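Participant: how would this look folded up:
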Amino acid sequence: MLPGLGEGYFAAVAEASQDVMRILALDGTVEYMNARGLELLEIAAFDRNKGRLWSDLWPVESRPLLLEALEEARHGRVGRFSAFCPTAKGRPRWWLTVVSPVRDEAGAVVRLLATSRDVSKEHHREQRLKNAFARAREAAAAEASYLAYLRGALEVLPAGLAFYDADDRLVIWNQPYVVAGGADDGHTNLRQGTSFTDLLRADLADGRHPEAEGREEAWIADRLAARREAAEPREQQLSCGRWYRFEDRRLSDGGLVSVAIDITELRAREEASRQSAEALALAKSAAEAASEAKSEFLANMSHEIRTPLNGVIAVADLLCRRDLRPEDRSLAELIRSSGETLERLLSDILDLAKIESGAVVLEQVTFHLGDLVRGVVGLARLMADEKGLGLTLSVDPEMDRMVRGDPIRTKQVLANLVSNAVKFTGTGSVDVRVIAGVDLGLRVEVQDTGVGFDPSQKDRLFRRFEQADGAITRQYGGSGLGLSICQQLVVLMGGELDCRSTPGQGSTFWATLRLDLSDAVPLPADEPLLTMPGEAFRVLVADDHPTNRIVVDLMLKGFGADTRCVENGLEAVEAFRSEDFDLVLMDMQMPILDGLSAVREIRTWERNHQRPPVPLLMLTANTLPEHVAAALAAGADGHVGKPITVDRLSAAISEAFSLLRGGADASSAVARRG
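Facilitator: Next up is the predicted model:
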């Protein structure tokens, strides 16, 4: 206890803390826990009379680190470790824990103070970064041109990242990783193909590690051993004064991902939180700022990746529609399929981030459930036919009707289950059944005769970036995100997702959903909503990216359109005022005048000159829900997200022209295409 400060002061600080705080006896018995700790650990009440050892409350694999930290504190030093420990209700959590000695007035250690902070989000974020990096490396090996683009994408990441191959040779890295090595002005020793051992020797020669002086070879041996053993993250203060957390993880192919995260501010917040309750408010403010920065980062990354990806996919799609030699068509198909794979991966990662941040808002609109399911099965039928599989669908007549819910998320879940079944089935059949449920209203079953999996591997299927068997990943591909996202979406929709399987005999996945029945009448089948104009039509295209303008112009010419392309919103407004157009395709992010401002100017000019509104679509790489809402609020009739293909653009334009006939539902349909 500090001189002049009693137990009341300590209790006030402990109860103000947002972390788990415990007082331990020297033998490790828990004597006190603050209220915030009970809440975070989901414990109903603390009973000090039970006299339980703190180590007994942790999983066996985490105890060695905990016991080592306790021993450090008993000897008057501060112990620190990061380890896994679930809450009392079994929720998985990772904790960064500091164990400090508590001395009496004579200076003897009489108690231990343990403070634990929930760092699960940071842990999972690091895992996602490493897994995403591994997948990016595979894509770079298949297509050399992606390597340079990947390097540019890595440079916007806040963490330092470097990849070494199975021979421990440097493959790719970013500037934050260079800074983490202590070379703020550029690291002259980093060369592609350089071994890690040579990098260490070069660093020693440059005097970057004074702590190794006199024991250089032993220091190098220690560093190499730590990499081979994939040790726990280590924290180190560089000569510049900043603190970094370093972690090396071996991949299944023998390569290694090295991650360096600047934790200087985190350590400063930890120190401040032990001094006063005011530091806790500062930490909360910093966390909110980090969340905002993450959202901004996701939006920027989505736009920056989708923009060049639009050129890759759209050009490949146009090439595939031409009369090519078989070998040239094969190359074009490979480019298109690789680009589509990257687009799906990007969408999955953004979906995952939105779910984690609570940004997913479910729609409540009316749609025909039977038609939606038949559409999903129809999309999968081509792949099934190519593999010689039988694909059947049965819909309970009671559920072949209009319902209310979120059709986009419902379709996302069903499409993932059906496409997985077709992908993992080599011979036999896939059967899809829609059944009226008892408690949850609807049950969809997808049964296949594919590879199956062992029941003991079931839990891994719904973990991120994992599949039941690593060999399946190598044979069939995939990021391991689909089922994890679907499970969380199903829970948001008030249902559950589960499965059963027998190795070699196939699997059955089922989802139960809450969908309200609706008495709405579906549109007659003989009155199609989509109609392309029969005569030539003029289109104004505004996009600051030259590749996008070329691609859209080529696609529109294939529809018989006469196009006028401009480079920014101001030119678009001026062209619209001086010429007549039947359709406007507007990018969102442009110089001089952005797309949203240009749309508002166009709609204002139409109203002031009593002109009927021209169908206007946002054709943009800004695809988050807030971007769609902003586009519609500005006056756009729909939102089409990049990358685009001929079919997607054709469908969007058809829906836009349906507005001329007063098709009110078309605007909503086009908006959801993004």
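Participant: going forward, measure contacts and count neighbours with C-alpha atoms only.
Facilitator: Fine.
Participant: and the helix or strand harbouring residue 539, what does it pack onto?
Facilitator: When secondary structure is defined using DSSP states H and E, the element that contains residue 539 is strand 537-542. Contact partners of strand 537-542 among helices and strands, from 3 or more CA pairs under 8 Å, 6 or more residues apart in numbering; DSSP states H and E: helix 546-558, strand 561-566, helix 569-578, strand 583-586.
Participant: can you do 7 Å?
Facilitator: The elements that strand 537-542 packs onto, with contact taken as 3 or more CA pairs under 7 Å, 6 or more residues apart in numbering; DSSP states H and E, are strand 561-566, strand 583-586.
Participant: Just say which of these is most tucked in.
Facilitator: With neighbours defined by mean count of other CA atoms under 10 Å, none of these is more surrounded on average than strand 583-586, at a mean of 25.
Participant: Contacts made by the following helix or strand past that strand with the rest, please.
Facilitator: Scanning the chain past strand 583-586 towards its C-terminal end, the next helix or strand to appear is helix 595-608 (assignment: DSSP H and E). Residues outside helix 595-608 that contact it (CA atoms under 7 Å, 6 or more residues apart in numbering) are 569-570, 573, 586-589, 612-613, 631, 634-636.
Participant: Farthest-apart pair in those residues, please.
Facilitator: Comparing every pair within the contacts of helix 595-608 by CA to CA identifies 589 and 612 as the most remote, at 26.1 Å.
Participant: So which of those two has more stuff around it?
Facilitator: The residue with more neighbours, out of residue 589 and residue 612, is residue 589; 19 against 10, by other CA atoms under 10 Å.
Participant: where along the stretch 201-350 of the chain do the helices fall?
Facilitator: Under the criterion DSSP state H, counting those that start in this stretch, the stretch 201-350 of the chain contains helices at 216-228, 264-273, 278-320, 326-356.
Participant: Dump the first one to CSV, keeping only the CA atoms.
Facilitator: As requested, the backbone C-alpha atoms of helix 216-228 are provided in CSV (Å, rounded to 0.1, in the frame of the first residue of the first chain):
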residue,chain,number,x,y,z
GLU,A,216,27.0,-12.1,-31.9
GLU,A,217,26.9,-15.8,-32.9
ALA,A,218,24.9,-16.8,-29.8
TRP,A,219,22.5,-14.0,-30.4
ILE,A,220,22.0,-15.1,-34.0
ALA,A,221,21.5,-18.7,-32.8
ASP,A,222,18.8,-17.5,-30.3
ARG,A,223,16.9,-15.6,-33.0
LEU,A,224,16.9,-18.6,-35.3
ALA,A,225,15.8,-21.0,-32.6
ALA,A,226,12.9,-18.7,-31.7
ARG,A,227,11.8,-18.7,-35.4
ARG,A,228,12.0,-22.5,-35.6
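Participant: chain center to that helix, what's the gap?
Facilitator: Taking CA atoms, centre = their mean, to the nearest Å, the mean C-alpha location of helix 216-228 is offset from the chain mean by 35 Å.
Participant: Also the second one?
Facilitator: The chain centroid and the centroid of helix 264-273 are separated by 28 Å, computed with CA atoms, centre = their mean.
Participant: That one - contacts with which helices or strands?
Facilitator: On a contact count with 3+ CA pairs under 7 Å, 6+ apart, helix 264-273 meets helix 278-320.
Participant: quick one: the residue lying closest to residue 164 once chain neighbours are set aside from residue 130, how far?
Facilitator: Leaving out its chain neighbours, the residue that sits closest to residue 164 by CA to CA, 6 or more residues apart in numbering is residue 170, at 4.5 Å. Plainly put, residue 170 is 16 Å away from residue 130 if you go by CA to CA, to the nearest Å.
Participant: Over to residue 512?
Facilitator: Taking CA to CA as the measure, residue 512 and residue 130 are separated by 33 Å.
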